[in-house]
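> dropping the sequence and predicted coords here.
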Amino acid sequence: MTHPPLANAELAVMELLWAEDRLTARQIREQLYPDSTKAQHGTVQRLLQRLEEKGYVARDSELPVHLFSATVGRGAYGSSQLEALAAKLTGGAVAPLITHLIAEKKISRQEIERLRAILDESHDEGKTS
């Protein structure tokens, strides 16, 4: 599933929700803007509304104070954005992106070993089919 890209401010809200699970708008405002004034409250409300409209956030209105939670996980969002980037830059091919990251030493030895294990597992599954 493709998820629309997030603006930096929206991503900042999502980072909080991924880390904390459920937060009120006030808790989000206090974490994003620790020295905030009431003006930022409207900003956070608009961000949450946009995220809700995009399908990233759900609002639990059962309590007097609404709680917000992420409906899209960090991994699902990241995967979607990587696929969109690959489609845009390399016609959908992921190998050039990985090759570049390895060549530029942007992937750690541990990450390379993980990729190798995934590739080996995928190769083994292909043999049994």
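Received it, and whenever you're ready, just let me know what you need. Numbers count the residues shown, from 1 in each chain.
> what's in contact with the helix or strand bottoming out on mean pLDDT in the chain?
Every helix and strand of the chain was ranked by mean pLDDT, DSSP states H and E. The lowest is helix 109-128, at a mean of 83. Helix 109-128 has contacts (CB atoms under 8 Å, 6 or more residues apart in numbering) with Ile98, Ile102, Ile107. Just so you know, the C-beta spots here come from the backbone N, C-alpha and C atoms, and that holds for glycine as well.
> now, which of those residues lie within helices?
Of the positions in these, Ile98, Ile102 sit in helices, assigned by DSSP state H.
> quick one, phi/psi of the residue nearest to Gly92 when sequence neighbours are not counted?
Nearest residue to Gly92 in three dimensions, chain neighbours excluded: Ala86, at 5.6 Å (CB to CB, 6 or more residues apart in numbering). The phi/psi pair for Ala86 (degrees, to the nearest 10) reads phi -60, psi -40.
> ok, now the one 5 residues further on?
Reported as degrees, to the nearest 10, the phi and psi values for Gly91 are phi 60, psi 20.
> can you check Ser36 too?
For Ser36, the backbone dihedrals (degrees, to the nearest 10) come out as phi -80, psi 160.
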